[in-house]
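Engineer: Pasting the sequence and the predicted coordinates here, then a few questions.
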Amino acid sequence: MNRLSRAVLRLFAAPRLNMREDYEKVRRMQRRLAVLLMPPYRTSRWHHLARDGHSHVPVRIFQPKEKRREDVLVFFHGGGWVTGDIDIYTPACARMADLTGCAVASVDYRLAPEHPFPAGLEDCYDVARLLLDEPHRVGAADANQIVLVGDSAGGNFAAVISLLLRERGLRLPNRQILLYPVTHWDHDPKTSPFASVRTHGEDYLLTNTEVEDYFDLYVPNRQQRRDALVAPLVADDLSCQPATLVITAELDLLRDEGEAYGHALTEAGNAVRIHRVAGALHGFISLPRFSQSVQEAYEVINAFLNDDTVEGEQPAQESK
């Protein structure tokens, strides 16, 4: 990136916001922006009754303009476990449906700090488990057509859900797609094991300060953040996981931990592909479809979905 581009991006860097105090303002701003960008889309709505007095978890199903695959992408949105919802992610999900030719089921899980860990995770786990048991609810013929997808905090959920399903001896999805996922608990540039936290943690859209604020809201207990249900990279056993596509962004502080998770899955014997999108920022999947980063990512996603041998393949070398 040139100096002018870097300077512009710094104007939008997160230290200008205190997420612990301003998260409600950010939610309102996101909703107003989503209304402006809202595309026409074909959708149906389905509700799943959930636990602990929470009446339901809304799931919005987006149908592609041209259906090219029978897979259903079960999508967990990003937003640091604190922001984002079905409406905010409607443009991204409608675009995901059209660019993959798959139905997309977007899950509207509970958010922190009103509902801290593990509330949102439980909502997403319940939906994933039910759809793997009853895939017809979202129009899939069988569980082999259910693919877990998540970006950022949603990628964290997808990874953790797969670990939980394996741990509990339940049916796993055959595939998962993790877009610049959160996989580790330490984002302090002084102590983090990842270089990207130090090199890309101050200048761009997602910063070290913002990640720390999100963790304070999602998991107030600092010791609990080291649990594998929060930081899947520290899990003792990563075996028997779905075939995994990890897509990272070059200029994202989460880049190295996402790629480290992919390598750890590979070392545990899983089929993994890792692709780094050059010049991309955190959250790029929400950019318009003409974005070069979006186009590159969907080329990789479609190749992953098209590969019938992915379950038995040798882990691929990452692209950078």
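Structural biologist: That came in fine, so what should we check first? Numbering: from 1, shown residues only.

Engineer: and the closest residue in space to Pro113 that isn't next to it in sequence, what does it touch?
Structural biologist: Spatial nearest neighbour of Pro113, chain neighbours left out: Leu217 (4.2 Å); criterion: Cβ to Cβ, 6 or more residues apart in numbering. C-beta coordinates here come from the backbone N, C-alpha and C atoms, glycine included. Leu217 makes contact with Met19, Arg20, Tyr23, Gly80, Trp81, Val82, Ala112, Pro113, Pro116, according to Cβ atoms under 8 Å, 6 or more residues apart in numbering.

Engineer: swap the cut-off to 6 Å and go again
Structural biologist: Val82, Ala112, Pro113 (Cβ atoms under 6 Å, 6 or more residues apart in numbering).

Engineer: pLDDT score assigned to the last one?
Structural biologist: You'll see Pro113 listed with a pLDDT of 96.

Engineer: Burial check on it, number of neighbours?
Structural biologist: 14 (other Cβ atoms under 10 Å).

Engineer: and the longest helix for this structure?
Structural biologist: helix 19-37 (DSSP state H).

Engineer: Can you mark which positions in that one are buried?
Structural biologist: Buried positions in helix 19-37, judged by neighbour count with 16 or more other Cβ atoms under 10 Å: Met19, Tyr23, Val26, Arg27, Gln30, Ala34.

Engineer: Tell me the one of the residues you listed nearest Glu210?
Structural biologist: When the buried residues of helix 19-37 are compared for distance to Glu210 (Cβ to Cβ), Met19 wins out at 5.6 Å.

Engineer: Could you report the distance from the closest one to Leu170?
Structural biologist: 34 Å (Cβ to Cβ, to the nearest Å).

Engineer: now swap in Ala140 and tell me
Structural biologist: Distance, Ala140 to Leu170, by Cβ to Cβ: 17 Å.

Engineer: These two: which has the busier surroundings?
Structural biologist: When Ala140 and Leu170 are compared for neighbours, Ala140 comes out ahead with 22 against 13, by other Cβ under 10 Å.

Engineer: my read: that one touches Val72, true?
Structural biologist: Yes: proximity of Ala140 to Val72 meets the contact threshold set by Cβ atoms under 6 Å, at 4.6 Å.

Engineer: Any stretches of the chain with poor pLDDT?
Structural biologist: Within the chain, the ranges that satisfy pLDDT under 70 run 1-17, 48-55, 309-320.

Engineer: which residues in it form helices?
Structural biologist: Along the chain, counting by DSSP H, helices occupy 3-11, 19-37, 90-100, 119-133, 153-167, 195-199, 208-218, 255-267, 292-306.

Engineer: Could you tell me which residues within the fifth one count as buried?
Structural biologist: Going back to what we said before, that points to helix 153-167. 153-166.

Engineer: Find the pair from those residues with maximum spatial separation.
Structural biologist: Ala153 and Arg166 (20.8 Å).

Engineer: sorry, back to before: present the contacts of Leu217 as CSV; the columns should include distance to Ile274.
Structural biologist: Shown next, in CSV, are the contacts of Leu217 (distance: Cβ to Cβ, whole Å):
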residue, distance to Ile274
Val82, 27
Ala112, 29
Pro113, 33
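
Engineer: you'd agree Leu265 is up against Asp237?
Structural biologist: No: the criterion here is Cβ under 6 Å, and Leu265 misses it with Asp237 at 11.2 Å.

Engineer: Look at these two and report which has more neighbours.
Structural biologist: Leu265 (27 against 11).

Engineer: What sits closest to that one if chain neighbours are left out?
Structural biologist: Val272 (4.8 Å).

Engineer: Compute the number of surrounding residues for the one you found.
Structural biologist: Residues near Val272, counting by other Cβ under 10 Å: 26.
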